[in-house]
Each structure stands twice: as structure tokens, then as C-alpha cells.
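In: sequence plus predicted model, see below.
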Amino acid sequence: MSHEKSSPSTDNALHDHAPGAGKTKVVETVGAGGEPQQHIAHDADHSDGVAHLTDNFGHRISDNENSLKAGARGPTLLEDFILREKIFHFDHERIPERIVHARGSGAHGVFECTKAIPELTKASIFQHVGATCPVFARLSTVAGGAGSIDTPRDVRGFAVKFYTDSGNWDLVGNDIPVFFIQDAIKFPDFVHSVKMEADRGFPQAASAHDTFWDFVSLVPESTHMVLWAMSDRGIPRSLRMMEGFGVHTFRFVNEKGEGHFIKFHWKPVLGIESTTWDEAVKIAGANPDFHRCDLFEAIREGNFPQWDLGVQVFDEEWAEKQPYDVLDATKLIPEEEIPVQIIGRMTLNRNVDNFFAETEQVAFMPTNVIPGIDFTNDPLLQGRLFSYLDTQKSRLGTTNFHQIPINAPKCPFHNFQRDGMMQTLVPVGRANYEPNSLAEAGEEGGPRACPETGYVTFPENGERNDPTQKLRIRPESFADHYSQARMFYRSQTESEQAHIASAMVFELSKVQLEHVRKRFLANLRNVDESLAKRVADGLAMDLPAKAKAAREPQDWGTSDALSIQKQAKNTMQGRSIAILFAEGSDLQEINRFKRLIESEGGTPVLVAPKVGGIAVKGGTLKADGLLAGSPSVLFDAVISILMPDQAAKLAHDSAAVQWFMDAYSHCKTIAHCKGTQVILDRAGVEKDDGVVPLDQFEKVGVKRHWAREPKVRDLA
Ligand code: HEM
């Protein structure tokens, strides 16, 4: 029996509900109460580009504006099944949001294998260069609710569903390669502490509050990830410019049954880019959907975001020699030790058609693995293997959530699971059990397992482990909580270190329990004394005694791969650059910059004091954004082309002055004409490598000028 044979066609389902678009035959009238009415002719059909409005059972509706009443001014009748169905459905539209990662943005795409690795894994997708499979990615924040802002300081989820020919593989990772805790049993405690506080319901989407810092200061294993979250990684510029990590050590298994440990990495082709904290806060006000819009618009414009998938491969022998445990999710493996080999590329090339049906209903599960990919004994991963299947029942309401099109595999699936709420398949025949001999009687006997091609769990249980003992114990090899946090901090540039210190000062300043601040500072002394001192000074607090470490931290050197600034790309690709103009600005000059930006893969955005069309030298020009509604925090660099009289006028407009002040204080390139100088003077913008005349824009490019930062911000 084949499930897909009896499955209703998704296409039909979609089209039956679609109102149709394009060449409609809609007649507009006005009802007795002045209400607008839109009707179609009784003989209209789909070919007219508009469908008949019906209820959910296919009954045509005659009036979508008025409920059925006992008299024109009388009460509404219970008999009105059309009204009742419409309101009933609306009343139940919302489903529970995800307990974590509630806010996310999704897109479809394709994954292509760029390096065959059959010696490492039998996973079908990695057998041949050029092999492809469809993917769906959901990139998310963690702490905030579904309606929260896109740019809080937070970890970002990086979940990808690969619809392979051997079933779905979900790589459910984050944009930070380590995690806050080592054992799944602490996850509910950790999440409770970071979410809005239980009694007051705030703060939303923020870690700057008592309970988060209370928890992390009591749990030293979280220190490494706290450093990452307080670094610029916690405030990405764009979802398209984040790295992704599988976090846990996984296992590849090849055809011979040999296993290799691996770590998964996603490397963004556009490079890694972050905002500054002040900028992230302002973006939240200017456009709370900043990341969602950015991803959607890039894909709509054909600027498809891409990531290379890489793996670090190592064996147990190597793992045994490391000063940390590779099963401990609070540790990473420096790329300098085990380089990342690129094995494929993901391109996100199609926006969702419907946010709810796809992005909201997609159900990722780390248990979705395919032959050739296996788990390890990482105790955080082991807990996740239970959690995700379990939570889908609560969120999507039925064990049949796998039938929702976004979750269904694209390869055939057959089994004896039956019935349940919202069963949409219609299995035929009597074979809902196995073994059976119905085939001998000419009936459909159903599917059977295959020992050769079916999923076989890797037999080894891991080294240094006695599976005959049942223990609630954390291995001693997990006890070093600070050495990698130190390595992370010391691998950052001076300006990145300052950002971490300032982020900690900011967050701890919101912590009202003073003993919590002290305890965190005491822990921080184990990471780096100068950092602890800096944060204490920023809070005007004395340094408390150093916390006792379970294991004395070691100096493990530095790793450039941990710094964003050391890997920064000076590129216009994927970046948006504002061109400010006003009356009389030179159209030719504006077009020259537009062409330059476009040819480099960037997006020029025209900004002006009015949008509808302004008389410029050489014609009339419409703007994409109003100056007052398009603050410079939304762009990666700004260009200003203004006639002196207009510049003089704008010098008295706070939106214009703030525009340059922000671009300057966020260390962005400002390319400007002579006329603009009057505004720059009012904004306190001083000349430097990034504040340049128009003709130097191309040479300077779109990058951050971090050397400027000490002039504009008093960092901790
Ligand atoms: C024991 C630890 C963890 C537990 C129990 C846990 C549990 C959960 C749960 C219940 C959800 C909501 C899923 C849904 O409603 O669809 C979720 C989402 C998610 N988790 Fe975890 N999680 C854990 C650790 C992690 C770690 C270490 C990572 C990263 C490696 C991670 C990445 C994600 C992502 C990306 C999502 C969002 C998936 C989506 O976009 O729908 N989680 N997690």
C-alpha cells in the first residue's frame, strides 16, 4: 500500500482555496448600508482568473459583507452557518508558538554536493558531486515570542531540512558553535531563566535581566557561550551573513560500517557581518522585521543567499588526546586544529508562498537522520532526540504532523502507522500490521524492512564508557569550563573585545540583584583578568574574589576563525547602500552610483526628503524611502549627493543630521559631495578613512571603519 497514492493532491487543495489573481471579472457595487461589495457572475469559472467564494465544504457564498439577521436592524441568527464557520475558523487560527525559536523566517532552496565523500559516509546526498536535493531553512531568534523583534542580542537558530531520496535529514543548528549547557536535563531551567521573567512577563526577547544572569553565573559551563552571545555574533547584520553550526559532534558512517566523528559548519558566501549594539537597538525601532524583510527581499530580487556546508572530520583516537571532551557541547574544535572541508553548497532561492503553512508549520527534529549520519553520546544531543518529536504533538496538535506538506518527505514513505487526528491519507486494504501473509491471498501485504538499506545505528557506544553502569553523573572530562572561553576572548580583535566588555556592562547593569553581578564577575576572572576588570570598572564595582574553577583554566592560544573582524570581506555583495538626494541633485551622478553598486552585487536604495517624485538635475526622480523613515541604521554605507541649498535646509532637519551621525558612529563608509559638508559639521562627522569624497567611494568600499570607534563611543 502506498501512502502517496491515496494522498489528496496538495496542488488541488491550494488552488481550490486560492481566490485567483490577474484578469478578474469582479464587479464592484455598494450595498444598502453603503458597504462595498465585490461579486462575480454566476457562470464565472477558474479560467476567468477568479473563483467562487465558498465555505470550507464547497457551498457558494452570496454575500461576504452581511451576516443573516432577523430584520435589517435585528439580531443575528444562529442559523447563519456561513458566519459561524468563518468566525469558528478564525477563532482557532493561532497554534502554540515554539517554546524556543518562536520567531523565525523560512525559505526554500537547494543543496548541491560539491565534494563526494563516500569514504566518510554512505549518506546518499554525499555520494556524487552535483547530487542535489530540495531544502527548507528556518533561521530564528531563540528567546523572543513569535511577534518579537529581529535584532535582539540573542543566539540565532539555523535549521535546515534536506529532503533527500533516502528520507528527510534535519540539521538543526545555531549560529554559535557551542551551547550554554552540557546535559539536556538543564535545558528547561536554562530556557526558563532567559525567557521573560515568570511573574512580570518581561523583558521580551532579552537576556539583560536578573534570571538569565543568575542562572549563567551559577552554571560555569555556560561561560563560553555567554562570551559568544555577548560578542558581535549575538547581533548579526543579516540572516544571510551568519555562520551556522551543528554544535554537537555527530558521526558519519560509510558503506563499510566505519565511523568518523564530525562537526557541521555553514559558511555564508556573503561573509559574516554584525551590527553594533546601538545600531541593533535603533534597527528594532526603525524596522522590527529587519532580518525577515532582508531575507525575503534578497530572494525576491534573485540575490539568492548561499552557504557552503563544511565538516571537521576526526576520529576517536584524535578526540582522546584533546584537553576537552568532544561529546561536550560547550566546546568547539578550533579550525586551525581540524580544518573545515567544504562538501556542499546551499542556495535559498524561493520564498514561502504562505508563512503559516510553511515557516510556522515546519517541524524540525534532530532525529531526522539518514543512513550514513548518526548521533553520538553527547548528553545534550541525546535529550534533544526526545524533545523535538514530543513538542510537535503539542504545537501541531496531532501525530500526523508529518503529512503537512512542508514536513512530508519527498521520497515515498510506507508503514503501518494508522489513524490519529487529522489523518489525511486513505490507506487501502487490510494490511495494517506485520508480519502478514495477505499477499498470498492476492491482497496488498504492505511494506517490509530491509536489513541492507535500512537505517542501522552505529554499534559503538563511545570510548571511556561502561554501558553496564547506570549513573546520574557528569564525566570529569567535561569539567574545564573556562579555557575555551578564554581562547574565544583572546582570539578577538581589540574592538571586538571592547564590544564584549560593553555588552556585559550593559546586560549586567540591567541585573538588579547585586550578588548575581558579583558572582558573574568572579567567574569572569577565570576567563581573563583584564576583561573582568574592564567589566567591573564599567559597572563601578570592585572585583570580587576569583571563583573557584572545577578545573584550572589553561591557555590554549588563539584561533582567527573565531573573530568576525579578522575574516571581514570588503564587498558590496548583498549589502544595501543608501543614496541620499534632494531637489536639484544630479541624476547622472546618482545613476552612476546606482550602476556601480548593482554591478558589484549590492542594492542601491534611493532616500530623499519626499518619495513621490522630486525635480532633480536631468529629470524627476522617485525615492525608495523617506529620509525620516529610512534611518541610516538600515544600510551598510551611505552616499550623499545634495545641492548646497538643499544641504543647508537639511542641516536643520534632525532626521538628516541623525542620519549622518548614526552612519558615522556605526563606523560606516560615508561618501559625500561638497555640499553635504554643512550637515556633516552639524552631525560632528570628522574626516577619516571612511568619510570620503564621492569619487573615493569605490576605492574605500563597504566595510566598517572600526578604528573610528574610540572617537564615537565610550566603550568599556
Ligand atoms: C536539550 C537541549 C535542547 C532541547 C530540549 C531543545 C528543544 C527545542 C524545542 C522544544 C524546540 C521547539 C521546536 C518546535 O516547536 O518546532 C526547539 C527549537 C529549536 N532548537 Fe532546540 N533544544 C535544545 C538544544 C538546542 C541546541 C543545542 C540547538 C542548536 C544546536 C538547538 C536548535 C534549535 C533550533 C534551530 C530550533 C528551531 C527549529 C525551527 O526553526 O523550527 N536546540 N528546541
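Out: Everything's here; your move.

In: how about the strands in the stretch 101-250 of the chain?
Out: 104-113, 132-141, 156-164, 167-174, 244-245, 250-253 (DSSP state E, counting those that start in this stretch).

In: do any residues in the second one lie close to the ligand?
Out: It stands for strand 132-141. Yes: on the criterion Cβ under 6 Å from any ligand atom, strand 132-141 is in touch with the ligand at 138, 140. For the C-beta atoms, the positions are set from N, CA and C on the backbone; glycine is no exception.

In: and the angle from that strand to strand 167-174?
Out: 30 degrees (axes from the mean of the first three to the mean of the last three Cα atoms, to 10 degrees).

In: strand 132-141: how far from the chain's middle?
Out: 10 Å (Cα atoms, centre = their mean, to the nearest Å).

In: also stretch 239-255?
Out: Distance of stretch 239-255 from its chain centroid, counting by Cα atoms, centre = their mean, is 15 Å.

In: enumerate the positions of it that are buried.
Out: 239-254 (16 or more other Cβ atoms under 10 Å).

In: give me the subset of those that also touch the ligand.
Out: Val247.

In: looking at the buried residues of stretch 239-255, spot the one nearest the ligand.
Out: Val247 (3.5 Å; Cβ to the nearest ligand atom).

In: near the ligand, which residues of the stretch 1-150 of the chain? Just list them.
Out: Counting by Cβ under 6 Å from any ligand atom, the stretch 1-150 of the chain sits next to the ligand at 98-101, 104, 138, 140.

In: dump these to JSON lines, plus neighbour count and distance to Asn174.
Out: As requested, those are exported to JSON lines (neighbours: other Cβ atoms under 10 Å; distance: Cβ to Cβ, whole Å):
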{"residue": "Arg98", "neighbour count": "22", "distance to Asn174": "14"}
{"residue": "Ile99", "neighbour count": "14", "distance to Asn174": "16"}
{"residue": "Val100", "neighbour count": "19", "distance to Asn174": "11"}
{"residue": "His101", "neighbour count": "23", "distance to Asn174": "9"}
{"residue": "Gly104", "neighbour count": "23", "distance to Asn174": "12"}
{"residue": "Arg138", "neighbour count": "23", "distance to Asn174": "12"}
{"residue": "Ser140", "neighbour count": "26", "distance to Asn174": "9"}
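
In: export the strands of the stretch 101-250 of the chain to TSV and append columns for mean pLDDT.
Out: Converted to TSV, the strands of the stretch 101-250 of the chain look like this (pLDDT from 0 to 100):
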stretch	mean pLDDT
strand 104-113	98
strand 132-141	98
strand 156-164	98
strand 167-174	98
strand 244-245	98
strand 250-253	97
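
In: nearest to Asn415, of those strands?
Out: strand 167-174 (11.9 Å; Cβ to Cβ).

In: any bit of the closest one sitting next to the ligand?
Out: Yes: using Cβ under 6 Å from any ligand atom, strand 167-174 reaches the ligand at 172-174.

In: how far does that strand sit from its chain's centre?
Out: Per Cα atoms, centre = their mean, the centroid offset for strand 167-174 relative to its chain is 14 Å.

In: quick one, that strand and strand 156-164 angle?
Out: Using the same axes, to 10 degrees: strand 167-174 against strand 156-164 is 170 degrees.

In: compute the inter-axis angle for strand 167-174 and strand 104-113.
Out: Interaxial angle of strand 167-174 relative to strand 104-113 (the same axes, to 10 degrees): 120 degrees.

In: in terms of secondary structure, what does strand 167-174 contact?
Out: strand 156-164, strand 244-245, strand 259-268 (3 or more Cβ pairs under 8 Å, 6 or more residues apart in numbering; DSSP states H and E).

In: for the second one, packing partners?
Out: For strand 244-245, the elements it packs on are strand 156-164, strand 167-174, strand 259-268, judged by 3+ Cβ pairs under 8 Å, 6+ apart.

In: which one of those has the most crowded surroundings?
Out: Counting by mean count of other Cβ atoms under 10 Å, strand 156-164 has the highest mean neighbour count of those, with a mean of 24.

In: okay, Thr468: pLDDT?
Out: Note on Thr468: pLDDT of 83.

In: any idea how far it lies from Phe660?
Out: In this structure, Thr468 and Phe660 are 70 Å apart, going by Cβ to Cβ, to the nearest Å.

In: cool, Ser495 as well?
Out: 21 Å.

In: who has more neighbours out of the two?
Out: Higher neighbour count among Ser495 and Phe660: Phe660, with 27 against 18, using other Cβ atoms under 10 Å.
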